[in-house]
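[1] need the 3D shape of this:
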Amino acid sequence: MPYILTMAVPLSWYLLVAAALFSVGFFGVLSRRNAVAALMGVELMLNAVNINLLAFWRYVRPTDMTGQIFAVFVLAVAAAEAAVGLALIISIYRTRSTINVDEIDLLKG
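    Just a heads-up that it's a prediction; the model follows:
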(Lines give C-alpha, C1' and ligand atoms only; values in the text may rest on other atoms or scores of the structure.)
Protein backbone atom coordinates (compact mmCIF):
# COMPACT_ATOMS: atom_id res chain seq x y z
CA MET A 1 0.00 0.00 0.00
CA PRO A 2 1.48 3.38 -0.98
CA TYR A 3 2.24 5.98 1.64
CA ILE A 4 -0.53 8.59 1.83
CA LEU A 5 0.23 11.96 3.35
CA THR A 6 -2.52 12.69 5.84
CA MET A 7 -1.29 16.02 7.19
CA ALA A 8 -2.63 19.09 5.47
CA VAL A 9 -0.64 22.23 4.82
CA PRO A 10 -1.16 24.57 7.79
CA LEU A 11 -3.03 27.83 7.36
CA SER A 12 0.00 29.87 8.38
CA TRP A 13 1.92 28.71 5.29
CA TYR A 14 -0.81 29.99 3.00
CA LEU A 15 -0.88 33.28 4.85
CA LEU A 16 2.89 33.56 4.63
CA VAL A 17 2.88 32.99 0.87
CA ALA A 18 0.03 35.47 0.43
CA ALA A 19 1.82 38.08 2.54
CA ALA A 20 5.01 37.64 0.52
CA LEU A 21 3.09 37.91 -2.76
CA PHE A 22 1.23 40.99 -1.56
CA SER A 23 4.50 42.59 -0.43
CA VAL A 24 6.15 41.97 -3.81
CA GLY A 25 3.12 43.45 -5.57
CA PHE A 26 3.02 46.46 -3.26
CA PHE A 27 6.72 47.08 -3.80
CA GLY A 28 6.17 46.77 -7.55
CA VAL A 29 3.40 49.36 -7.52
CA LEU A 30 5.39 51.85 -5.47
CA SER A 31 8.78 51.43 -7.13
CA ARG A 32 7.97 51.22 -10.84
CA ARG A 33 7.62 54.21 -13.11
CA ASN A 34 6.23 52.10 -15.92
CA ALA A 35 2.43 51.98 -15.80
CA VAL A 36 2.26 48.41 -17.12
CA ALA A 37 4.60 47.22 -14.36
CA ALA A 38 2.43 49.00 -11.79
CA LEU A 39 -0.63 47.17 -13.13
CA MET A 40 1.26 43.90 -12.80
CA GLY A 41 1.92 44.76 -9.15
CA VAL A 42 -1.78 45.34 -8.59
CA GLU A 43 -2.52 41.96 -10.16
CA LEU A 44 -0.06 40.29 -7.77
CA MET A 45 -1.79 41.96 -4.84
CA LEU A 46 -5.19 40.74 -6.01
CA ASN A 47 -3.84 37.21 -6.35
CA ALA A 48 -2.57 37.40 -2.78
CA VAL A 49 -6.06 38.40 -1.68
CA ASN A 50 -7.44 35.35 -3.50
CA ILE A 51 -5.00 33.06 -1.71
CA ASN A 52 -6.14 34.50 1.62
CA LEU A 53 -9.81 34.15 0.74
CA LEU A 54 -9.46 30.54 -0.30
CA ALA A 55 -7.22 29.61 2.63
CA PHE A 56 -9.63 31.03 5.19
CA TRP A 57 -12.56 29.44 3.38
CA ARG A 58 -10.86 26.05 3.50
CA TYR A 59 -9.88 26.24 7.16
CA VAL A 60 -12.90 28.05 8.64
CA ARG A 61 -16.00 26.97 6.68
CA PRO A 62 -15.21 24.40 4.00
CA THR A 63 -18.87 23.40 3.66
CA ASP A 64 -19.98 26.86 2.46
CA MET A 65 -19.21 28.25 -0.98
CA THR A 66 -18.62 31.82 0.20
CA GLY A 67 -14.84 31.78 -0.13
CA GLN A 68 -14.97 30.47 -3.67
CA ILE A 69 -17.64 32.97 -4.65
CA PHE A 70 -15.59 35.87 -3.29
CA ALA A 71 -12.53 34.56 -5.13
CA VAL A 72 -14.48 34.49 -8.41
CA PHE A 73 -15.59 38.10 -7.79
CA VAL A 74 -11.98 39.14 -7.17
CA LEU A 75 -10.96 37.43 -10.42
CA ALA A 76 -13.71 39.30 -12.29
CA VAL A 77 -12.60 42.61 -10.77
CA ALA A 78 -8.98 41.84 -11.67
CA ALA A 79 -9.93 41.09 -15.26
CA ALA A 80 -11.93 44.31 -15.54
CA GLU A 81 -9.10 46.28 -13.92
CA ALA A 82 -6.58 44.86 -16.37
CA ALA A 83 -8.78 45.61 -19.38
CA VAL A 84 -9.61 49.17 -18.34
CA GLY A 85 -6.08 49.88 -17.13
CA LEU A 86 -4.47 48.67 -20.35
CA ALA A 87 -7.00 50.63 -22.41
CA LEU A 88 -6.13 53.79 -20.49
CA ILE A 89 -2.42 53.16 -20.87
CA ILE A 90 -2.77 52.64 -24.63
CA SER A 91 -4.84 55.82 -24.91
CA ILE A 92 -2.29 57.84 -22.94
CA TYR A 93 0.57 56.37 -24.97
CA ARG A 94 -1.10 57.43 -28.21
CA THR A 95 -1.47 61.03 -27.05
CA ARG A 96 1.73 61.48 -24.97
CA SER A 97 4.07 58.81 -26.47
CA THR A 98 5.06 57.64 -23.00
CA ILE A 99 3.86 55.24 -20.31
CA ASN A 100 6.13 56.67 -17.64
CA VAL A 101 3.89 57.54 -14.69
CA ASP A 102 6.02 60.56 -13.74
CA GLU A 103 5.57 62.16 -17.17
CA ILE A 104 1.79 61.77 -17.34
CA ASP A 105 0.36 65.12 -16.26
CA LEU A 106 -3.00 65.22 -18.02
CA LEU A 107 -4.68 67.37 -15.38
CA LYS A 108 -2.07 70.15 -15.40
CA GLY A 109 -3.04 73.26 -17.32
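[2] those strands in this protein, which residues are they?
    Counting by DSSP state E, no segments of the chain form strands.
[3] okay, now the unreliable bits of it?
    1-7, 106-109 (pLDDT under 70).
[4] residue nearest the centroid of it?
    The centre of the chain sits closest to L46, judged by CA atoms, centre = their mean, with a distance of 2.3 Å.
[5] now that residue: how far from P10?
    With distances taken as CB to CB, to the nearest Å, L46 is found 24 Å from P10. The C-beta positions use only the backbone N, C-alpha and C, and glycine is treated the same way.
[6] check Y93 too.
    To P10, Y93 is 45 Å away according to CB to CB.
[7] neighbour count: those two, which is higher?
    More crowded of Y93 and P10, by other CB atoms under 10 Å: Y93, with 14 against 11.
[8] for this structure, which helix is longest?
    helix 66-96 (DSSP state H).
[9] show me the residues around A55 that make contact.
    Contacts for A55 (CB atoms under 8 Å, 6 or more residues apart in numbering) come out as L11, Y14, L15, A18.
[10] and of the residues you listed, the nearest to V36?
    The nearest member of the contacts of A55 to V36, counting by CB to CB, is A18 at 23.5 Å.
[11] roughly how far does that closest one sit from S97?
    From A18 across to S97, the span is 38 Å (CB to CB).
[12] neighbour count: these two, which is higher?
    It is A18, of A18 and S97, that has more neighbours when counted by other CB under 10 Å, with 20 against 8.
[13] excluding its backbone neighbours, what's nearest that one?
    I51 (4.0 Å; CB to CB, 6 or more residues apart in numbering).
[14] neighbours of that neighbour, how many?
    By other CB under 10 Å, the residues close to I51 number 17.
[15] surely it meets A20?
    No: judged on CB atoms under 8 Å, I51 makes no contact with A20 at a distance of 10.1 Å.
[16] can you get me the start-to-end distance on stretch 92-103?
    11 Å (CA to CA, to the nearest Å).
[17] which of the residues in that stretch are buried?
    I92, I99 (16 or more other CB atoms under 10 Å).
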